[in-house]
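curious how this folds, go ahead:
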Amino acid sequence: MGRTAGILVGLVLFVLAPSVQAQTPFSRWSAVVVAGDWHAHSGGPTEAFDNARRDVADTLAGLGFARTAIRQYSVRPERYPGQGPEPAEITAIHQGLKDSAQTARSGCLFYISSHGGPEGALLGEDLLRPSRLAALIDDACPARPAVVVISACFSGVFIPALQKPNRMILTAARPDRASFGCGESDRYPFFDDCFLSSAKGARDFIALGSAVQACVARKEVEVGAAPPSEPQVWIGPALRPFLPLYAFDRRKPPER
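Down below sits the predicted model:
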């Protein structure tokens, strides 16, 4: 079965499901949300990445993802016992997404907030390279729709390795640009702040991607951050026509 046909069959089954009233388009999606560092750009401590990890997970639940299918990871999990994040190690994240995807079989979402460089994004003491992330998602979520969000400097470097016809990729910056908002006193990085605020009014991931791009551009102009980070959006041809059918659920607000 081709990727486009697979997506269509999944949507038909969703529409015909007898329990549809209790479901949302994302209720059978698995999700992983990762805070990959805890250092500000100054080298001092910051809560920005873990704040984003916590609130992105809550927002996804408010958009229709099943909370039991959302797994969180932090490089300092012991600091957040009430939130229950697991240690942010690549093997644990890989296995967590794979395990979640065994029961939530309709699609996958991966979100990381961290520092980044031209070779990848920081994950604690390690570097998450584009090829490693691509292999992780290919293994955990084969032939499924997937949304990958990377909030880090230079995160556009991930797009070539991650491109698949049934994927959407949203990055905080071009491959040759930094992103902003990683100071010691920042609540969130700029990109994560815009993702969270834009999710309140967006209908689906296509609208959310465009809204995040516009929001980041406004914030950077307001504070004089330059050169602009220019967040990137890439949508595979097999997924694009179906994304409007994956509308966000608005029956319950995000829990904060």
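
max-length helix in this structure?
In the chain, with assignment by DSSP state H, the single longest helix is helix 205-223.

which residue ranges of this structure form strands?
Counting by DSSP state E, the chain has these strands, from start to end: 29-35, 70-74, 86-87, 107-113, 116-117, 120-123, 126-128, 146-151, 167-171, 232-235.

just put these in CSV and tack on mean pLDDT and mean neighbour count.
The way it works is simple: take the backbone N, C-alpha and C, and place the C-beta from them, glycine included. Rendered in CSV, the data for these read as follows (pLDDT from 0 to 100; neighbours: other CB atoms under 10 Å):
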stretch, mean pLDDT, mean neighbour count
strand 29-35, 98, 28
strand 70-74, 98, 23
strand 86-87, 97, 15
strand 107-113, 98, 26
strand 116-117, 98, 21
strand 120-123, 98, 24
strand 126-128, 97, 18
strand 146-151, 98, 28
strand 167-171, 98, 25
strand 232-235, 98, 18
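
in JSON lines, list those strands along with distance to residue 218.
Shown next, in JSON lines, are the strands of the chain (distance: least, CB to CB, whole Å):
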{"stretch": "strand 29-35", "distance to residue 218": "25"}
{"stretch": "strand 70-74", "distance to residue 218": "29"}
{"stretch": "strand 86-87", "distance to residue 218": "35"}
{"stretch": "strand 107-113", "distance to residue 218": "20"}
{"stretch": "strand 116-117", "distance to residue 218": "22"}
{"stretch": "strand 120-123", "distance to residue 218": "24"}
{"stretch": "strand 126-128", "distance to residue 218": "29"}
{"stretch": "strand 146-151", "distance to residue 218": "17"}
{"stretch": "strand 167-171", "distance to residue 218": "17"}
{"stretch": "strand 232-235", "distance to residue 218": "17"}
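
residue 108 is in contact with residue 138, isn't it?
No - contact criterion CB atoms under 8 Å: residue 108 and residue 138 do not qualify, at 10.6 Å.

distance from the longest helix of the chain to the middle of the chain?
On the basis of CA atoms, centre = their mean, to the nearest Å, helix 205-223 is displaced by 16 Å from the centre of the chain it belongs to.

repeat that for stretch 132-151.
Per CA atoms, centre = their mean, the displacement of stretch 132-151 from the mean C-alpha position of its chain is 11 Å.

what's the answer for stretch 39-57, then?
For stretch 39-57, the distance between its averaged C-alpha position and the chain's averaged C-alpha position is 15 Å (CA atoms, centre = their mean).

what sits up against that stretch?
Stretch 39-57 is touched from outside by 31, 33-38, 70, 72-74, 76, 79-80, 83, 85, 111, 113-115, 151, 181-189, 192, 195-196, 254, 256, with contacts defined as CB atoms under 8 Å, 6 or more residues apart in numbering.

centre-most residue in this protein?
residue 111 (2.6 Å; CA atoms, centre = their mean).

hey, what's it bridged with?
In this entry, residue 111 is beta-bridged to residue 33, residue 149, by DSSP bridges.

that one is in contact with residue 35, isn't it?
No - with contacts defined as CB under 8 Å, residue 111 does not count as touching residue 35, sitting 9.9 Å away.

now do the contacts for residue 120.
Under the criterion of CB under 8 Å, 6+ apart, the neighbours of residue 120 are 127, 128, 129, 130, 132, 133, 157, 158.
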